[in-house]
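Colleague: Predicted model and sequence below, questions to follow.
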Amino acid sequence: MWKFFYHKGNLSLLLKLSIKIMVRRMTEENTNETIKGERIAKVLARAGIASRREIERMIEDGRIALDGKVLQSPAVLVNSLDGITVDKEPIGKAEETRLWRFHKPKGMLTTHNDPQHRATVFDNLPEHLPRVISVGRLDMNTEGLLLLTNDGELARWLELPENAIVRTYRVRAHGFVREHQLKALKKGVTIEGVHYGSIDATVERADAANCWLNVSISEGKNREVRRVMEYLGLNVNRLIRTNYGPFSIGTIKRQATVEVNSKQLSDVLKDFFAQRGRSAAVEEKTKQDPSKWAKAKPRKTKPGDKKRHKPREDTEFKPKVKRPRSKHSIS
């Protein structure tokens with residue numbers, strides 16, 4: 001068929017038809033995705049209820065229902081938050097993605113509920129904060145930067161090892177370590193059957209009893225820094241997380257919370273926002289009708305205003321031609 005268009009000289013028409021077909025296919029794919037929906041764990045994570053894993057546990061415990069029916073499996077697809085309840089409470093609308101930096105002190109757990117009623121991070125947050133979840137965890141004796149967000153999908157993206165988000169720690173440990181031992185960590189190390197990827201570690205300073213080190217990891221496995229230090233023969237007595245990706249603890253006081261502004265968030269996490277796309281947890285914004293926009297009022301003329309002369313539409317612009325001066329002209 002393309003030969004017909006080529007011989008007739010209608011290649012532009014062929015291009016237009018191709019574009020129409022592509023647009024139609026993309027529209028059909030988007031429609032099919034909308035009809036199918038998203039897994040309920042993913043939707044609730046985007047709404048900031050909990051992480052995907054935690055939501056799956058909540059479903060197993062019978063805490064989540066859809067249209068009054070308690071769910072037995074997380075393999076349920078939904079197109080919105082309508083009809084979903086958690087502990088018999090309806091889910092509110094999902095807000096725009098937000099992120100906070102929290103300076104976690106030592107002796108505080110990173111959990112929403114503790115059976116032993118010990119101090120937790122979420123019990124000590126400001127009242128004006130919405131429901132948030134943590135990006136990863138810091139154990140009870142670790143202090144420093146803890147990221148909090150209302151978007152479970154963002155938390156998951158920052159935690160995934162495949163995204164290689166670097167976490168940096170300052171470590172104070174009892175003992176002595178040699179430079180070649182630290183350089184060997186860049187190739188990774190296997191401890192008791194668990195393999196840890198590349199680790200960048202340098203000595204900041206050392207005295208007779210303790211040494212301070214700067215350690216950077218990108219996997220964030222459970223108690224990774226402590227186990228690697230023990231493998232080197234060091235006894236960690238203080239562990240402070242100073243950075244998580246592009247975010248740092250800075251000068252934030254202990255147990256204080258500072259929100260990352262939306263402009264900075266969108267700038268430093270471009271990859272995340274580009275990959276995520278639309279979520280069923282967020283209502284699609286309706287396009288406004290331009291005909292209903294408020295129209296500008298005519299400007300009232302005041303005494304002394306100069307009148308603007310409109311150019312004539314029926315006449316063509318004719319540039320002025322300078323005529324040569326006559327010999328008899330007066331200068």
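Modeller: Received it, and whenever you're ready, just let me know what you need.
Colleague: quick one: Gly197 from Ala173, how far?
Modeller: Taking C-beta to C-beta, to the nearest Å as the measure, Gly197 and Ala173 are separated by 21 Å. C-beta here means a position set from N, CA and C on the backbone, and glycine is covered the same way.
Colleague: So what's the gap between stretch 233-253 and the chain middle?
Modeller: Distance of stretch 233-253 from the chain centroid (C-alpha atoms, centre = their mean, to the nearest Å) equals 21 Å.
Colleague: Just the terminal-to-terminal distance for it.
Modeller: End-to-end distance for stretch 233-253: 32 Å, by C-alpha to C-alpha, to the nearest Å.
Colleague: What are the buried residues along it?
Modeller: If you call a residue buried by 16 or more other C-beta atoms under 10 Å, then stretch 233-253 has these buried ones: 234, 236, 239-241, 243-245, 247, 249.
Colleague: ok, now stretch 80-91?
Modeller: Along stretch 80-91, the positions that meet the burial threshold by neighbour count (16+ other C-beta under 10 Å) are 80-81, 84-86, 91.
Colleague: before we move on, the earlier item: more crowded one of Gly197 and Ala173?
Modeller: Each of Gly197 and Ala173 has its neighbours counted (other C-beta atoms under 10 Å); Ala173 has more, 24 against 16.
Colleague: Mind listing the strands whatever helix or strand the more buried one lives in pairs with, and their directions?
Modeller: Mapping Ala173 onto the secondary structure by DSSP states H and E places it in strand 167-174. For strand 167-174, the paired strands and their directions (DSSP bridges) are strand 210-217 (antiparallel), strand 235-244 (antiparallel).
Colleague: Could I get the buried residue list for the first one?
Modeller: Along strand 210-217, the positions that meet the burial threshold by neighbour count (16+ other C-beta under 10 Å) are 210-213, 215-217.
Colleague: Give me the helices and strands touching whatever helix or strand comes next after that strand, please.
Modeller: Sequence order places helix 224-231 as the next helix or strand after strand 210-217, per DSSP H and E. Contact partners of helix 224-231 among helices and strands, from 3 or more C-beta pairs under 8 Å, 6 or more residues apart in numbering; DSSP states H and E: strand 167-174, strand 189-191, strand 194-196, strand 210-217, strand 235-244.
Colleague: Tell me which residues are up against the first one.
Modeller: When contacts are defined by C-beta atoms under 8 Å, 6 or more residues apart in numbering, strand 167-174 is touched by residues 136, 144, 204, 209-218, 220, 225, 229, 234-245.
Colleague: I'd like to check the angle between it and helix 224-231, please.
Modeller: With axes from the mean of the first three to the mean of the last three C-alpha atoms, to 10 degrees as the basis, strand 167-174 and helix 224-231 are set at 30 degrees to each other.
Colleague: just the CA coordinates of whichever helix or strand comes after strand 167-174, formatted as PDB?
Modeller: The C-terminal neighbour of strand 167-174 among helices and strands, as given by DSSP H and E, is helix 179-184. Taking only C-alpha atoms (Å, rounded to 0.1, in the frame of the first residue of the first chain), the coordinates of helix 179-184 have been written out as PDB:
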ATOM      1  CA  GLU A 179      44.100   0.000  55.300                       C
ATOM      2  CA  HIS A 180      44.400  -3.100  53.100                       C
ATOM      3  CA  GLN A 181      41.500  -4.600  55.000                       C
ATOM      4  CA  LEU A 182      39.200  -1.700  54.200                       C
ATOM      5  CA  LYS A 183      40.300  -1.700  50.500                       C
ATOM      6  CA  ALA A 184      39.400  -5.300  50.200                       C
END
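Colleague: Show me the contact partners of helix 179-184.
Modeller: Residues outside helix 179-184 that contact it (C-beta under 8 Å, 6+ apart): 201-203, 213, 232.
Colleague: cool, and stretch 250-265?
Modeller: Defining contact as C-beta under 8 Å, 6+ apart, one finds that stretch 250-265 is touched by 96-105, 124-126, 129, 143, 145, 148, 247.
Colleague: Can you tell me which of these are buried?
Modeller: 97-104, 125, 143, 145, 148, 247.
Colleague: Could you identify the most distant pair in the residues you listed?
Modeller: Pairwise distances across those peak at 26.3 Å for Thr97 and Glu143 (criterion: C-beta to C-beta).
Colleague: From Glu60, how far out is Val225?
Modeller: With the distance defined as C-beta to C-beta, Val225 ends up 32 Å from Glu60.
Colleague: Contacts only, for His112.
Modeller: 50, 120, 122.
Colleague: Relative to Val70, which of these is nearest.
Modeller: Val70 has its nearest neighbour among those in Ala50, at 17.2 Å by C-beta to C-beta.
Colleague: and that closest one, what element?
Modeller: Here Ala50 is covered by no helix or strand, with elements defined by DSSP H and E.
Colleague: Look up the closest residue to it, ignoring the ones flanking it.
Modeller: In space, not counting the residues next to it along the chain, Ala50 is nearest to Ile133; the distance is 6.0 Å by C-beta to C-beta, 6 or more residues apart in numbering.
Colleague: Next one, pLDDT for that neighbour please.
Modeller: Per-residue confidence at Ile133 stands at 91 (pLDDT).
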